[in-house]
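Colleague: just to be clear, the model below is a prediction. Sequence and coordinates:
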Amino acid sequence: MDVDEFMEKGLLTSDEEEAPPKRTTPSKKAKGKKKQQSKGKQAEEIQKKPTVIEEDGDDDDDDDEDDFGDNGHTPLTGGGRHGDDDDDDDIDSDDDDMDGDESMDMDFEGDGLDEDDEDAEDGGDSKKSKPFGREVTTGMVKGWSALLQKNSLKGLRQVVDALSAAVHHAAEVKTTEKHHYFVENPQVFNSLVRCCLRNVHTVIKHHIPLDEETEAKGKQKPKKKQGPATHPKWSSIRKTVKSYIATVLLMLQHLHQATLTCAVLRQLQHLLPFISCFPRFLRLLTKRLTSLWSTGDEFVRVLAFLALRRLVIANSNATYRENCFKQMYLAFARNSAFTSIASLPTIQFMENSLAEIYSIDLPLTYQHSFVYIRQLAVHLRKAMTEKSKANIQAVYNWQFVHSLCLWCRVLADCFCSTLEPLVFPLVQVAMGTVQLLPTARYFPLRFHCLRSLIQLSKKTDLYIPVSTQLLDVLDSSSVHCRTKGSMGKPPNFSVVLKVSKSALQTRAYQDGLVDNVFELLLDHLASYSHHIAFPELVLPVLVKLKNFCKKTKVPKFQQQMQQLVSKVDETSKAITAARSLVSFSPKDAKEVAMWMASRRQDKSPILKFHHSWKEMKSRG
């Protein structure tokens, strides 16, 4: 962790104050000189005092609170990198104790920490004065590190107070807390941060052991899970923990570099059980983590998601989980408004993350899914009743499509009796979206919707008739018309919803249409290759594909579809021969389910072809 990078990336700034105008009154000059002389004597006396770090003999001594000040209220302000932190969400370590507005006049500048403190009553000559408290040195940091390794509460209070003073000044945040230390050397600041990130959480957990630590040490795990606030020593360490958490959150708000943000996020992983004891910190942390999860660097997004997941699991409060789910979904919707090759991996990561988060609380997931699927249905109904340009645009956009795909993914991954009633309305919304404007320009959008429905059908084992919508593409004039030469690149169907009119008659677009139909049909039919009704399901598909092979004049298309027809026909004959040997009737549901389970273990011809085709595609 490099402190120079920490300073240069925006956390530590230099903003010198302008000196006040000179005053010419002789009496005031004399007064100013007397004050300067008295301040100089006080500074010399302070410098003569030795800076000794004493080891804590009694960790619970009440005098420690008087020695190190009240660490209980540490207001932190300042927006993060993305500018989504409102003024009413300023981090405040104690909402009830805010009664002052005192600021520290320290500016990190250049290679060191310089402070300019003008005396308003002197003759105009600006003079530097020492800030309040002791200057932190490398020796003091080493002494604190030794005390922390001995799990000393006194060392913990001292190092937290020093870190809070340094970070609050670096971020230029006003605080009512009177710190007893200040930092001027960047190397000392770097050492102080390293010392805290490495040792503070271990000392806190030593005095307030959590359930997982207790179980890891071989002790009997309590029957009821208890939080840190129920521990007998919590009252003696609460203010220090609160101040440290506020300082770490302030650092997280103002860090702009990915490596430093990752370091702080790893530290937060250890503090999450303690942050849950402070509802305001919990809310602010969730907001910041959601911002990092949706807009941060790749590693930052992963660490932010892991922290969010742990918070949701640890906090069973319905209100908190509901707010967290809502914030994450809205962040996903904002990020999915524009889709490109560069942003697609981020959107897919967020979709996977949301599916995992929603699996934690299925009853709450049902409520959220119901509300947002209904919202999609309302937009679709309005577009179908009043086909204006604005209404259609409200449906045919990336936000709508990605939201539709997300809920298909959530219902597929979290499928259970609780969420099963939502499958039918979601399928109806998807099918209605496909049929809203069934023109050749919007075939890419159709493929996005049908691909999500195929995945939903696979996971839920429910039949969804998507083959009809796919076969309609093969009947369109765009596949059979005479193509025009085009020197442009073929459209990337994964990042487009519609194509231009000039691209409709190009060979690249035709190839893309047939390739997507082939891929989706193969995926769809392979998922039902074990089903006892497979011959009846594929009969209309076989008829359509055979007609297409006769109609098309493109050898490549004929070869693709004939290969698919042969595998489907072979699988259909195998299923027909196997079910002719059974003794049960279609009404015997249990026997039918057992028969299909046995067929699922045996790979059918189309399933083998599907696996080999996917391997070939991944290599190519």
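Modeller: Done, it's in. This is a predicted model, so every value here is computed, not measured.
Colleague: the strands in the stretch 151-300 of the chain, which residues?
Modeller: Secondary structure of the stretch 151-300 of the chain, counting by DSSP state E, counting those that start in this stretch: strands at 181-182.
Colleague: quick one: low-confidence ranges for it?
Modeller: In the predicted model, the stretch 151-300 of the chain carries pLDDT under 70 at residues 176, 211-226.
Colleague: all helices for it, in order.
Modeller: Using DSSP state H, counting those that start in this stretch, the helices of the stretch 151-300 of the chain run over 153-170, 186-207, 211-216, 234-254, 258-275, 279-295, 298-314.
Colleague: mind putting these in JSON lines, mean neighbour count and distance to Q505 included?
Modeller: (Glycine included, C-beta is placed from N, CA and C.) Putting those into JSON lines (neighbours: other Cβ atoms under 10 Å; distance: least, Cβ to Cβ, whole Å) gives the following:
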{"stretch": "helix 153-170", "mean neighbour count": "26", "distance to Q505": "62"}
{"stretch": "helix 186-207", "mean neighbour count": "20", "distance to Q505": "61"}
{"stretch": "helix 211-216", "mean neighbour count": "12", "distance to Q505": "63"}
{"stretch": "helix 234-254", "mean neighbour count": "23", "distance to Q505": "54"}
{"stretch": "helix 258-275", "mean neighbour count": "19", "distance to Q505": "46"}
{"stretch": "helix 279-295", "mean neighbour count": "21", "distance to Q505": "40"}
{"stretch": "helix 298-314", "mean neighbour count": "19", "distance to Q505": "40"}
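Colleague: out of those, which gets nearest to V568?
Modeller: helix 298-314 (40.7 Å; Cβ to Cβ).
Colleague: and D511, what does it touch?
Modeller: 490, 556 (Cβ atoms under 8 Å, 6 or more residues apart in numbering).
Colleague: so which of the helices of the stretch 151-300 of the chain is nearest S145?
Modeller: The nearest among these, by Cβ to Cβ, is helix 186-207 at 4.9 Å.
Colleague: what about the closest one, distance to the chain center?
Modeller: 26 Å (Cα atoms, centre = their mean, to the nearest Å).
Colleague: go on, stretch 587-607?
Modeller: 40 Å.
Colleague: residues in contact with that stretch?
Modeller: Against stretch 587-607 from outside (Cβ under 8 Å, 6+ apart): 522, 525-526, 529-532, 567-568, 570-571, 574-575, 578-579, 582, 584, 586, 611.
Colleague: can you check stretch 348-355 too?
Modeller: With Cβ under 8 Å, 6+ apart, stretch 348-355 has contacts from 293-294, 301, 305, 328-329, 331-332, 335-336, 402, 405-406, 409-410, 413-414.
Colleague: could you rerun that using 7 Å?
Modeller: 293-294, 301, 305, 328-329, 332, 335, 406, 409-410, 413 (Cβ atoms under 7 Å, 6 or more residues apart in numbering).
Colleague: stretch 361-378 now?
Modeller: For stretch 361-378, the external contacting residues (Cβ under 7 Å, 6+ apart) are 318, 321-322, 325, 329, 358, 400, 403-404, 407, 410, 414, 416, 418-419, 422, 425-426, 429.
Colleague: in that stretch, what's buried?
Modeller: 361, 364-366, 368-369, 372-373, 376 (16 or more other Cβ atoms under 10 Å).
Colleague: out of these, who's nearest P228?
Modeller: Relative to P228, and with distances defined as Cβ to Cβ, the nearest of the buried residues of stretch 361-378 is D361, at 22.9 Å.
Colleague: now do the closest one against V499, distance only.
Modeller: Per Cβ to Cβ, to the nearest Å, D361 is found 41 Å from V499.
Colleague: what's the nearest residue to the residue positioned nearest the centre of the chain if we skip its chain neighbours?
Modeller: For the chain, W293 is the residue whose C-alpha lies nearest the centre (Cα atoms, centre = their mean; 2.4 Å). Computed as Cβ to Cβ, 6 or more residues apart in numbering, the closest residue to W293 that is not its neighbour in sequence is A304, at 4.1 Å.
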